[in-house]
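[1] Here is a sequence together with a model predicted from it:
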Amino acid sequence: MSIFRKVTGLLAAGTLALGLTACAESEENASGDLGTITLGYLPSWTDGLSTAHLLDDQLTEMGYSVEHQTLSDAAALYTGMANGDVDIYPSAWPEVTHIEYWEEYSEGLEDLGSYYEGAALNISVPEYMEDINSVADLEGQGDRFDNTIYGIEPGAGLTRATQDDVLLGYGLDDEYNLVTSSTPAMLSELQSAVDNEEDILVTLWTPFWANNTFPVKALEDPEGHFGEAEALHFLARAGFAEEHPELAEWIGEIEMTDEEYNDLEDLVVNEYDDGEESEAIQAWLEQYPDLMPEQPEISEE
């Protein structure tokens, strides 16, 4: 699948999501005598998309029905979990990026464990911009970028950190305007700029497939305004572990390295078409046959 085709597909998905305040379509894999587990995520945030389909595959094998609830922004997702409408958010950033949501909703949530260490936020530029290597280098350079940084969803933790911490921290808030819309729209702007070898600033993060697909480099953050690297977590609604103790323990044992995670996301997002996520997961499991914890035997209540 070409980069342009994938970005165009994500742009359409992002437009659909932004038109809703809570759930977009739900997709369900029915198997299950053990009941239904609802996975909530933003489809344009492909870490959650990828891990949701991984859990879907494994939970269905165990005997659960799995429902996907695709949401429009992080606030709706955390609210859905706290209200009990979503069972699991399979790739949350509660330590730094989503800390405000965690603090607001934590009484209605529980942490099942982290699966990836070293996630981080950044502002990125194309690699061909050899003279721009640090956020500090952006001072006085606004005209090159039409005084614009292309961001993602308005409710994203990355958006808040860029606007409130980074631009203010480096004294760039009067020189640059952070334009928010959606992750797919940001990637579309990045694609266009790279195709024409133009200067552009975008907000990105790791791990994210776009870092390997586009020729971009993360700008150094010498003053540390983006905060420290953090882990990606499986969060659940309050009471989930008590209701599903074996399942909660199993989820908490999942761990991935950079290579393992990057291969998962690349297969789900880039190598297989929309609707072929199951095939992508099977390809990844064949590549890493011993990575997933042994599935627990869960008897029907």
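    In hand now; what should we look at? Numbering: from 1, shown residues only.

[2] Now tell me which helix or strand of this protein has the poorest mean pLDDT.
    Least confident helix or strand, the chain: helix 3-18 with a mean of 44, by mean pLDDT, DSSP states H and E.

[3] can you give me the helices in this structure?
    3-18, 46-62, 74-82, 99-105, 157-160, 168-169, 183-195, 210-213, 240-243, 245-251, 258-266, 277-287 (DSSP state H).

[4] between the ones you listed, which gets nearest to residue 135?
    Ranking the helices of the chain by proximity to residue 135 (Cβ to Cβ) places helix 168-169 first, at 8.6 Å. C-betas here are computed from N, CA, C, even on glycine.

[5] coming back round to it: comparing the helices of the chain, which yields the minimum mean pLDDT?
    Of all the helices of the chain, the minimum mean pLDDT falls on helix 3-18 (a mean of 44).

[6] tally of neighbours for residue 231?
    16 (other Cβ atoms under 10 Å).

[7] That one: what's it in contact with?
    95, 114-119 (Cβ atoms under 8 Å, 6 or more residues apart in numbering).

[8] Neighbour count and distance to residue 83 added to those, as TSV?
    Shown next, in TSV, are these (neighbours: other Cβ atoms under 10 Å; distance: Cβ to Cβ, whole Å):
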residue	neighbour count	distance to residue 83
95	18	23
114	18	24
115	22	24
116	21	27
117	13	30
118	13	31
119	22	26
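
[9] quick check, nearest of these to residue 211?
    Of all the contacts of residue 231, residue 211 sits closest to residue 119, with 12.0 Å by Cβ to Cβ.

[10] Which pLDDT value does the model give the closest one?
    On pLDDT, residue 119 comes in at 97.

[11] same question, the one 4 residues further on
    Looking at residue 123, its pLDDT stands at 98.

[12] and it, bridged to which residues?
    When bridges are called by DSSP bridges, residue 123 pairs up with residue 203.

[13] do residue 110 as well
    Assigned bridge partners for residue 110, using DSSP bridges, are residue 236.

[14] Just the contacts of residue 231: which are in strands?
    Counting by DSSP state E, the contacts of residue 231 place 114-119 in strands.

[15] got those residues as TSV, with distance to residue 132 columns?
    Listed next are the ones in strands among the contacts of residue 231 as TSV, based on distance: Cβ to Cβ, whole Å:
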residue	distance to residue 132
114	33
115	33
116	28
117	28
118	24
119	23
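
[16] Tell me the one among those residues nearest to residue 278.
    residue 115 (20.0 Å).

[17] For residue 84, see how far away the closest residue to the closest one other than its chain neighbours is.
    Using Cβ to Cβ, 6 or more residues apart in numbering and skipping the chain neighbours, the partner closest in space to residue 115 is residue 254 (4.7 Å). Remark: distance between residue 254 and residue 84 (Cβ to Cβ, to the nearest Å) = 23 Å.

[18] These two: who's more crowded?
    Per other Cβ under 10 Å, whichever of residue 254 and residue 84 has more neighbours is residue 254, with 20 against 13.

[19] who are the neighbours in contact with the more buried one?
    Contacts of residue 254 by Cβ under 8 Å, 6+ apart are 113, 115, 234, 292-293.

[20] returning to that earlier point: let me have the helices of the chain in TSV, extended by mean neighbour count.
    Shown next, in TSV, are these (neighbours: other Cβ atoms under 10 Å):
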stretch	mean neighbour count
helix 3-18	18
helix 46-62	22
helix 74-82	23
helix 99-105	17
helix 157-160	21
helix 168-169	14
helix 183-195	21
helix 210-213	18
helix 240-243	16
helix 245-251	18
helix 258-266	18
helix 277-287	17
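
[21] Break the chain down into its structural domains.
    Per automatic domain parsing, the structural domains of the chain span 3-117+231-287, 119-218.

[22] Which among those domains is found nearest to residue 298?
    Across the domains of the chain, closest to residue 298 is domain 3-117+231-287 (Cβ to Cβ), at 5.2 Å.

[23] just to revisit the earlier point, right, so of the helices of the chain, which gets closest to residue 132?
    helix 183-195 (13.3 Å).

[24] how far does the closest one sit from the chain's center?
    17 Å (Cα atoms, centre = their mean, to the nearest Å).

[25] Taking helix 46-62 as reference, get the angle to that helix.
    Using axes from the mean of the first three to the mean of the last three Cα atoms, to 10 degrees, the inter-axis angle of helix 183-195 relative to helix 46-62 is 130 degrees.
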